[in-house]
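# dropping the sequence and predicted coords here.
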Amino acid sequence: MNNPNDVRTEKDWISGVVMGLKVYDVDGSLIGTVESVDERAGWMRVETNPFLEEPIVVPLSKVVAIDRREVVLSAHRDALAGPRLHGWATKGQS
């Protein structure tokens with residue numbers, strides 16, 4: 001933000017997390033693609049490899065950068081556990 005009058009809240013920039021963006025970890029390794037976002041609950045679901053892995057549910061608090069093409073997280077991919085480990089159910093699961 002170069003202009004001090006250009007004040008954006010966390011909600012403003014989190015709304016930039018949209019379906020289809022590539023998601024990278026703190027080291028720049030591709031994790032996957034944003035499949036869905038729940039701003040109210042504070043998480044996004046990231047599709048990794050649909051044939052080999054379950055999607056990962058990532059807290060929006062882990063997002064450190066967003067642009068029109070990608071989302072960068074503050075964590076390593078290995079530190080991001082699947083949705084069931086966090087107690088979050090994914091579509092078709094309870």
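Here it is on my side, so go on.
# could you pull out the helices in the protein for me?
Ranges of helices in the chain, per DSSP state H, are 10-14.
# what is the burial count for the residue nearest to I14 when sequence neighbours are not counted?
Among residues not flanking I14 along the chain, L60 sits closest, at 5.3 Å (CB to CB, 6 or more residues apart in numbering). Just so you know, the C-beta spots here come from the backbone N, C-alpha and C atoms, and that holds for glycine as well. A count of neighbours around L60, defined by other CB atoms under 10 Å, yields 19.
# least trustworthy helix or strand in this structure by mean pLDDT?
Least confident helix or strand, the chain: helix 10-14 with a mean of 65, by mean pLDDT, DSSP states H and E.
# how near is E47 to P59?
Distance, E47 to P59, by CB to CB, to the nearest Å: 17 Å.
# surely the residue nearest to I14 meets R40?
No - between L60 and R40 there is no contact under CB atoms under 8 Å: 10.4 Å.
# ok, the closest residue in space to D27 that isn't next to it in sequence - contacts?
Sequence neighbours aside, H76 is the residue nearest to D27 in space, at 6.4 Å (criterion: CB to CB, 6+ apart). Going by CB atoms under 8 Å, 6 or more residues apart in numbering, H76 touches 25-27.
# include neighbour count when you put these into TSV, please.
Converted to TSV, those look like this (neighbours: other CB atoms under 10 Å):
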residue	neighbour count
D25	19
V26	14
D27	9
